[in-house]
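J.: Sharing a model prediction with you, sequence too.
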Amino acid sequence: GESVGLHLPTLSVQEGDNSIINCAYSNSASDYFIWYKQESGKGPQFIIDIRSNMDKRQGQRVTVLLNKTVKHLSLQIAATQPGDSAVYFCAENTPAEGGYNKLIFGAGTRLAVHP
Amino acid sequence: NAGVTQTPKFRVLKTGQSMTLLCAQDMNHEYMYWYRQDPGMGLRLIHYSVGEGTTAKGEVPDGYNVSRLKKQNFLLGLESAAPSQTSVYFCASSPVVRGKLFFGSGTQLSVL
């Protein structure tokens, strides 16, 4: 399969621990944010999203926190499992030309879960 | 329900050759996108479409052309491939402008 993220920052955690993946976004006008998970050889999969009028949103075992003051986004994964091992991307929805919006992705963080 | 389907999955081209990547979605989504993914650089938007018959440039459009003649299909063309276009290409679709994208499984393209 293809090589994804050969030079990505890596977060290593023990199975059962909580994981926190951080992301800094660039555009203060961005109004919607998404976290994606990408396993080797596959396309990105949606995990959770949050709109700019919220500070926190919870899903199943995942929580996203948004700090607009410092333009920072984080993804918390509770009780990390081996199946959580993947590359995680944050994405911001940002205004584009013509009044449209486009999704801009960060470089990604590799999560390695050890038994 | 197939979702987003990309063809081909793998392709090797020589410099200067042309090819078309096909993306098809069966979810009746208005919005479709082409991204490329290079190691350590995340996904970069090449072109996108907000509806049948419309296309727009993304972050890295040079060397690519697109067409959206039918709502369910979004084609990405390389007229004269260059080694710098070696990458993994992902197509995605979404039902609304601010919403999650549904991705295909990718096309690995190598230009020699």
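T.: Good, I have the coordinates.

J.: contacts and neighbour counts: CA atoms only from here.
T.: Noted.

J.: can you list the residues of chain B near chain A?
T.: Listed as neighbours of chain A in chain B under the rule CA under 8 Å from any CA of the partner chain: B:37-45, B:58, B:88, B:90, B:97-98, B:100-106, B:108.

J.: go with 6 Å
T.: Residues of chain B found near chain A (CA under 6 Å from any CA of the partner chain) are B:Pro39, B:Gly40, B:Met41, B:Gly42, B:Leu43, B:Phe103, B:Gly104, B:Ser105.

J.: mind checking the SS state of the spatially closest residue to the fourth one that is not a sequence neighbour?
T.: Closest residue to B:Gly42 apart from its sequence neighbours, by CA to CA, 6 or more residues apart in numbering or on different chains: A:Ala107 at 4.0 Å. Look at A:Ala107: counting by DSSP: H, G, I helix; E, B strand; the rest coil, its state is coil.

J.: residue contacts, A:Ala107?
T.: B:Gly40, B:Met41, B:Gly42 (CA atoms under 6 Å, 6 or more residues apart in numbering or on different chains).

J.: burial count for the nearest residue to A:Ala78 once chain neighbours are set aside?
T.: Using CA to CA, 6+ apart and skipping residues adjacent in sequence, the residue nearest A:Ala78 is A:Asn18, 4.6 Å away. Other residues near A:Asn18 come to 15 when the count uses other CA atoms under 10 Å in any protein chain shown.

J.: just A:Gln76 next, same as before
T.: Neighbour number of A:Gln76 under other CA under 10 Å is 17.

J.: Next one: it from chain B, what distance?
T.: 19 Å (CA to the nearest CA, to the nearest Å).

J.: okay if I get the contacts of A:Ala107 as a markdown table plus secondary structure and pLDDT?
T.: Below are the contacts of A:Ala107 laid out as a markdown table (DSSP: H, G, I helix; E, B strand; the rest coil; pLDDT from 0 to 100):
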| residue | secondary structure | pLDDT |
| --- | --- | --- |
| B:Gly40 | coil | 72 |
| B:Met41 | coil | 74 |
| B:Gly42 | coil | 82 |
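
J.: Please indicate which of those has the highest neighbour count?
T.: Of the contacts of A:Ala107, with other CA under 10 Å as the count, B:Gly42 tops at 23 neighbours.

J.: Contact partners for that residue?
T.: A:Gly106, A:Ala107, A:Gly108.

J.: before we move on, what about B:Ser49?
T.: Shown in contact with B:Ser49 (CA under 6 Å, 6+ apart): B:Tyr31, B:Met32, B:Thr55.

J.: Distance of the first one relative to chain A?
T.: In this structure, B:Tyr31 and chain A are separated by 10 Å, where distance is defined by CA to the nearest CA.

J.: middle-most residue in chain B, spatially?
T.: Residue closest to the average C-alpha location in chain B (CA atoms, centre = their mean): B:Trp34, at 3.0 Å.

J.: Enumerate every residue touching the residue lying closest to that residue once chain neighbours are set aside.
T.: Among residues not flanking B:Trp34 along the chain, B:Cys91 sits closest, at 4.6 Å (CA to CA, 6+ apart). B:Cys91 makes contact with B:Tyr33, B:Trp34, B:Phe103, B:Gly104, according to CA under 6 Å, 6+ apart.

J.: how close does B:Trp34 get to B:Val12?
T.: Using CA to CA, to the nearest Å, we find B:Trp34 at a distance of 19 Å from B:Val12.
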